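1. Model the following, please.
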Amino acid sequence: MAMKDEVIVAVDVGTTKVVAIIAEENGGVLEIGGVGTAASSGIKNGAVINMESTVDSIRKAVHEAELMAGRTVDRVVVSISGNQIRGFNSHGQVAVPHREVREEDVRRVIEAAQATKIPEDRQLIHTLPQGYIVDSNDVKNHRPVGMAGVRMEAKVHIVTCAKSSADNLMTCCNRNNLSVGGLVFAGLAASESVLTEDEKELGVAVADIGSGTTDIVIWHGNAVIHTASIPLAGELITNDVAQCLRTPRREAEKIKVTHGCAFRCQVDDAEEIEVAGMGGRAPVKHKRQFLCDIIEPRVEEIMWGIHEQLELSGFMDLLSAGLVITGGTANLPGIADLAEANLNMPVRVGQPNTARFGGLVDIVRGPAFSGVLGLVSWCSGNMVLPSGQKRVVEKKKSGGLLGMLSGWAKTAYGQN
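-> Numbers count the residues shown, from 1 in each chain. Model (predicted):
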């Protein structure tokens, strides 16, 4: 649990937008004091492709959050996703010299479990305990401190990313005079936000479908057992709509959000939509079902990409609670029904759990914000930042809060 009055600064860097949240934990409640968002064009498939653009997007999002919160910040925790993410399971074993498990023994066995050879071009970002075995006693969901034994094993899930991607992302923050207190896999943060404890125990997959990537996490026995990321996400849908309707991408995104539906059979064949023309041409009317004919095949492709990852994991039989989809693309009407029809498993849209949050929580509701809210929750549990590190903040005068809120609300509801 974080200390009282500890300030958490979370930055979710996505393909089409960057979101920053400044929250303060007080009495178990995470009070959101500032939220900022900025358009992003320097990220592709989770990797930085334009440093200057990404630096600018992070600066704008954090500055907007600072103005709302009336604080300046110099330390952040940042999400990372994309094809560079790799996850695998490992285990370690140590002797228990004092015949009673101590904290130092738990630390040693975790270090032994993560002492696997990682290529030089990759960076360790998470070591997630799955369970312990003390002699022959299987301890799944608890730390075995105080148990008697002479030998202890640990099973862990290790998440790595491409070192160059991590370095580029941290450099973008550093150029804004922001030090990075930790990197968190975006799919892991989203799962922290949308899953129930029963789902984690029973077995569930989470697919965080943003604009550029879909991040996948499998839980079973209240532990992470698989992580992956695929380059199939909402931006592909927007591109298809733009090409087929012959309209600019920004208009295609608006049409998708306003009129899109993932399941054609749920749309009345009499409904029509108006599509803005290009180069000053007059608007054109189309059947809404024509729009769905464009969207549905691409959503099916995304779902089959998710299904392929679940099969490759070898854990399909453990998913008793099915699939939870979240992220900006999960806002598409009919997407859960289409997923159930294609994947033959229970599917629901994951809304972020805001029970622990207060303050400006109303403007960060919905699947598009599950990642950044989950990032705040992880920081609160001291699961990201090393102990003893301080998040440094300074109070400053707040100006134009109502104006900031109004401006933010006009642009915030896009995809990551």
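2. make it CA atoms for all contacts and neighbour counts henceforth
-> OK.
3. which parts of stretch 149-168 are buried?
-> 149, 151-163, 165-166, 168 (16 or more other CA atoms under 10 Å).
4. pLDDT averaged over it - what is it?
-> Averaging pLDDT along stretch 149-168 gives 94.
5. sorry, back to before: can you tell me which of the buried residues of stretch 149-168 end up in helices?
-> Under the assignment DSSP state H, these contribute 163, 165, 166, 168 to helices.
6. in the stretch 1-150 of the chain, which spans are helices?
-> Remark: helices assigned in the stretch 1-150 of the chain by DSSP state H, counting those that start in this stretch are 51-69, 103-113.
7. what's the closest of the ones you listed to residue 303?
-> Each of the helices of the stretch 1-150 of the chain has some distance to residue 303 by CA to CA; the shortest is helix 51-69, at 29.1 Å.
8. I'd like the mean pLDDT over that closest one, please.
-> 95.
9. and that helix, what does it pack onto?
-> Counting contacts by 3 or more CA pairs under 8 Å, 6 or more residues apart in numbering; DSSP states H and E, helix 51-69 packs against strand 7-13, strand 17-26, strand 29-39, helix 163-174, helix 401-411.
10. Just the closest of the ones in helices among the buried residues of stretch 149-168 to residue 31, please.
-> Nearest member of those to residue 31, counting by CA to CA, is residue 166, at 28.9 Å.
11. Could I get the contacting residues of the closest one?
-> Contacts for residue 166 (CA atoms under 8 Å, 6 or more residues apart in numbering) come out as 80, 123, 183.
12. how close does it sit to residue 50?
-> Computed as CA to CA, to the nearest Å, the residue 166 to residue 50 distance reads 14 Å.
13. quick one: low-confidence parts of the protein?
-> 1-5, 141, 381-416 (pLDDT under 70).
14. and the two most separated of the ones in helices among the buried residues of stretch 149-168?
-> It's 163 and 168 that sit farthest apart of those, by CA to CA, at 8.6 Å.
15. hang on, the earlier thing: adding distance to residue 188, write the helices and strands packed on helix 51-69 out as a markdown table.
-> Formatted as a markdown table, the helices and strands packed on helix 51-69 follow (distance: least, CA to CA, whole Å):
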| stretch | distance to residue 188 |
| --- | --- |
| strand 7-13 | 12 |
| strand 17-26 | 17 |
| strand 29-39 | 19 |
| helix 163-174 | 16 |
| helix 401-411 | 26 |
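16. out of these, which comes closest to residue 284?
-> helix 401-411 (25.5 Å).
17. that older thread, distance to residue 209 added to the ones in helices among the buried residues of stretch 149-168, as a markdown table?
-> Formatted as a markdown table, those follow (distance: CA to CA, whole Å):
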| residue | distance to residue 209 |
| --- | --- |
| 163 | 24 |
| 165 | 20 |
| 166 | 21 |
| 168 | 23 |
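18. And for residue 52, the neighbour number?
-> 12 (other CA atoms under 10 Å).
19. I meant residue 115, not that one.
-> 12.
20. And residue 108, by the same measure?
-> The number of residues near residue 108, taken as other CA under 10 Å, comes to 19.
21. show me the contacts for it.
-> residue 94.
22. what about the nearest residue to residue 131 once chain neighbours are set aside, distance to residue 193?
-> In this structure, residue 131 finds its nearest non-sequential neighbour in residue 140, 4.2 Å apart by CA to CA, 6 or more residues apart in numbering. Note on residue 140: its distance to residue 193, by CA to CA, is 22 Å.
23. Pick out whichever of the two has more residues nearby.
-> Neighbour comparison, residue 140 and residue 193: the larger count goes to residue 193, with 26 against 17 (by other CA under 10 Å).
24. So which of the buried residues of stretch 149-168 are in strands?
-> Among those, DSSP state E puts 151, 152, 153, 154, 155, 156, 157, 158, 159, 160, 161, 162 in strands.
25. In CSV: these, plus distance to residue 323.
-> Formatted as CSV, these follow (distance: CA to CA, whole Å):
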residue, distance to residue 323
151, 37
152, 34
153, 31
154, 28
155, 24
156, 23
157, 20
158, 22
159, 21
160, 24
161, 24
162, 27
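26. out of the residues you listed, who's nearest residue 73?
-> residue 161 (26.2 Å).
27. need the contact list for that closest one.
-> 84, 85, 86, 122, 123, 124, 125.
28. can you list the residues you listed in a markdown table and add neighbour count and distance to residue 197?
-> Putting the contacts of residue 161 into a markdown table (neighbours: other CA atoms under 10 Å; distance: CA to CA, whole Å) gives the following:
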| residue | neighbour count | distance to residue 197 |
| --- | --- | --- |
| 84 | 20 | 29 |
| 85 | 23 | 25 |
| 86 | 19 | 25 |
| 122 | 17 | 31 |
| 123 | 19 | 29 |
| 124 | 16 | 26 |
| 125 | 19 | 24 |
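29. Out of the residues you listed, which comes closest to residue 75?
-> Taking the contacts of residue 161 together and measuring to residue 75 by CA to CA, the closest member is residue 125, at 17.5 Å.
30. List the contacts of that closest one.
-> 158, 159, 160, 161, 183, 184, 185.
31. residues in contact with the first one?
-> Read it as residue 158. Per CA under 8 Å, 6+ apart, neighbours of residue 158: 87, 88, 89, 90, 114, 124, 125, 126, 127, 128.
32. Narrow the residues you listed to those in strands?
-> 87, 88, 89, 90, 124, 125, 126, 127, 128.
33. how much space between the second one and residue 133?
-> Using CA to CA, one gets 19 Å for the distance from residue 88 to residue 133.
34. wait, residue 34 sits on residue 24?
-> No: the pair residue 34 / residue 24 is not scored as a contact, 9.9 Å apart, by CA atoms under 8 Å.
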